[in-house]
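Trainee: Dropping the sequence and predicted coords here.
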Amino acid sequence: MNLFAINYQQSCLQPVKHGLQSGNLRINFNHGTTCLAFKYSNGIVVSVDSRASAGAYIASGTVKKVIEINPFLLGTMAGGAADCQFWQRVLSQECWLYELRNKERISVAAASKLLANILYNYKGYGLSIGTMIVGWDKKGPGLYYVDDDGTRHSGNLFAVGSGSTYAYGVLDTCYRWDMTDDEALELGRRAIYHATYRDIGSGNSNNLYLVKPDGWKFIGNYDTANLHYQYNPVAAE
Amino acid sequence: MIYSRRHPHIWQMTPSVLVGGVGFQGDCLTFMKMMQTKVKLYQYEFGRSPDTSAIAQMISIALYNRRFFPYYVYNMVAGLDAEGRGALYTYDPVGNVERALYRAEGNASAILQPFLDNQIGRKNQGDVAGPGDLALPKEDAVKLAHDIFISAAERDICCGDGVVIQVVTAAGVENYNYQLRKD
């Protein structure tokens, strides 16, 4: 048994889930999340949490997980924070170049395909990205799920991240196509609240965006601790 | 093994931007020198110093370029933004960047960050106002930074010996050095 070889192999730098490890030393990258987006009769709601965890430590409670690619396109961040930030910035650059070359705004389908193709080239390298590309183009509302193994799906409703299962529970129960703006926003808020309540990797606050034919609008930032007492009022003593 | 009791962790990039980095010292030194070189190249190309947000973005990309063999450094950039207000940017080892009001990184980060959340962010203090009115006078801010490191030295074996506090103002960078317990 070559003990030197075994020891050497363990002390080489190797990728592990959400980080790198060399022997006993471990670097954790910021990650973790719940993000959701759904189309309805009047637009698209995008709702995300704002927690970034590095292992068991909460690295930040104020992460902006909705990346504003351009005034008509949004991308969400799930998985590795740096991966999502970097590649969606590359996507913004490519979308702008497309506009300059073609004298018209890029479609959501094309933007999501650009990102999916880039990510497919890095398949197997350990990137961790689960994103939704959301926007409004001449074909109407667009919502695509794109992830690090090259998956690209169009759909009406997606939830991504460690807390997605909890968000789906609320979304699948209450989702209807015919909703008013307020009903849709409230559904987005509630789904994230429930995900933050049950998932340790999600929490802190909820950022809500609404996408309409004239572009996206930031609706607000809601502290999930306050949302808890709103949805579960404590009876007066 | 303590190799030095006076090793600096903050590097000056331009007359009004400081970058601090902790982690593996080999990567810290190399990364800081590399950033100073990039700043110089910017100055040669554009004829002026890069501002805080430009350096912040530059660092994020420089870190991500080594995504598959990262710099084991936790960085922070401090400077003044375009409106003359204080700006702080914090990073993870692969370049995730976020602008923040306060941040602690390093060995004692887990015990200092909650203290900052309470004292500067005014979290969990009931009806006390949020961090919006950061109207701390400079002397109080320096005193708070000093107190933070006294606490760090009390409860973390890697912290101690001394602390260097640098304050970025419109007039430039001021230095305050204090001694801490040496055990």
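Mentor: Great, that's in hand. Just so you know, these numbers come straight off a predicted model, no measurement behind them. Numbers count the residues shown, from 1 in each chain, chains lettered A, B, ... in the order given.
Trainee: So is the longest helix seen in chain B next to chain A?
Mentor: Counting by DSSP state H, the longest helix found in chain B is helix B:25-46. No - judged by C-beta under 8 Å from any C-beta of the partner chain, helix B:25-46 makes no contact with chain A; its nearest approach is 10.9 Å. C-beta coordinates here come from the backbone N, C-alpha and C atoms, glycine included.
Trainee: buried residues in the helix or strand that that helix is followed by?
Mentor: Later in the chain than helix B:25-46, the nearest helix or strand by DSSP states H and E is helix B:52-64. Under the neighbour-count criterion of 16 or more other C-beta atoms under 10 Å in any protein chain shown, helix B:52-64 has B:52-53, B:55-60, B:62-64 buried.
Trainee: restrict these to those near chain A?
Mentor: Applying C-beta under 8 Å from any C-beta to the buried residues of helix B:52-64, those adjacent to chain A are B:60, B:63-64.
Trainee: Could you dump these into CSV with pLDDT added?
Mentor: As requested, those are exported to CSV (pLDDT from 0 to 100):
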residue, pLDDT
B:S60, 97
B:L63, 97
B:Y64, 97
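Trainee: quick one: which of these is nearest to A:T131?
Mentor: B:Y64 (16.1 Å; C-beta to C-beta).
Trainee: hey, which helix is longest across chain A?
Mentor: Under DSSP H, chain A gives helix A:81-102 as its longest helix.
Trainee: What is the subsequent helix or strand relative to it?
Mentor: helix A:108-121.
Trainee: so how far is the helix or strand just after that following helix from its chain's centroid?
Mentor: Following helix A:108-121 in sequence order, the next helix or strand is strand A:130-137 (DSSP H and E). Once both centres are worked out by C-alpha atoms, centre = their mean, to the nearest Å, strand A:130-137 turns out to sit 10 Å from its chain's centre.
Trainee: Assign B:D117 to helix, strand or coil.
Mentor: Each residue gets one of three states, and B:D117 gets helix by DSSP: H, G, I helix; E, B strand; the rest coil.
Trainee: can you count the residues close to the residue lying closest to it once chain neighbours are set aside?
Mentor: Among residues not flanking B:D117 along the chain, B:K123 sits closest, at 4.5 Å (C-beta to C-beta, 6 or more residues apart in numbering or on different chains). Residues lying near B:K123 (other C-beta atoms under 10 Å in any protein chain shown) number 14.
Trainee: Verify the contact between B:K123 and B:L116 for me.
Mentor: No - look at B:K123 against B:L116 with C-beta atoms under 8 Å: they stay out of range, at 9.3 Å.
Trainee: tell me what the longest helix of chain B is packed against?
Mentor: On a contact count with 3 or more C-beta pairs under 8 Å, 6 or more residues apart in numbering or on different chains; DSSP states H and E, helix B:25-46 meets strand B:10-14, strand B:17-23, helix B:52-64, strand B:73-80.
Trainee: what's the angle from it to strand B:17-23?
Mentor: 160 degrees (axes from the mean of the first three to the mean of the last three C-alpha atoms, to 10 degrees).
Trainee: From the rest of the structure, what touches helix B:25-46?
Mentor: Around helix B:25-46, the neighbours that count as contacts under C-beta atoms under 8 Å, 6 or more residues apart in numbering or on different chains are B:7, B:9, B:11, B:13-14, B:19, B:21-22, B:49-50, B:54-55, B:58-59, B:62-63, B:71-73, B:75.
Trainee: List only buried entries from these.
Mentor: The neighbour count (16+ other C-beta under 10 Å) marks B:9, B:11, B:13-14, B:19, B:21-22, B:49-50, B:55, B:58-59, B:62-63, B:71-73, B:75 as buried among the contacts of helix B:25-46.
Trainee: hey, C-alpha coordinates of stretch B:112-131 in CSV?
Mentor: Output of stretch B:112-131 as CSV, limited to C-alpha atoms (Å, rounded to 0.1, in the frame of the first residue of the first chain):
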residue,chain,number,x,y,z
LEU,B,112,-16.9,39.7,14.6
GLN,B,113,-19.6,39.8,11.9
PRO,B,114,-22.5,39.4,14.4
PHE,B,115,-21.0,42.2,16.5
LEU,B,116,-20.9,44.5,13.4
ASP,B,117,-24.5,43.5,12.5
ASN,B,118,-25.5,44.7,16.0
GLN,B,119,-23.4,47.8,16.4
ILE,B,120,-23.3,49.2,12.8
GLY,B,121,-26.3,47.5,11.2
ARG,B,122,-28.3,48.1,14.5
LYS,B,123,-29.9,44.6,14.0
ASN,B,124,-32.0,43.0,16.8
GLN,B,125,-32.2,46.2,18.8
GLY,B,126,-36.0,46.4,18.7
ASP,B,127,-37.2,49.9,17.7
VAL,B,128,-33.7,51.4,17.3
ALA,B,129,-33.2,53.0,13.8
GLY,B,130,-31.7,50.9,11.1
PRO,B,131,-28.2,51.5,9.6
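Trainee: how far does it sit from the chain's center?
Mentor: Centroid displacement of stretch B:112-131 relative to its chain, using C-alpha atoms, centre = their mean, is 19 Å.
Trainee: That one: which residues count as buried?
Mentor: Of the residues in stretch B:112-131, those buried under the neighbour-count criterion (16+ other C-beta under 10 Å) are B:112-113, B:115-117, B:119-122.
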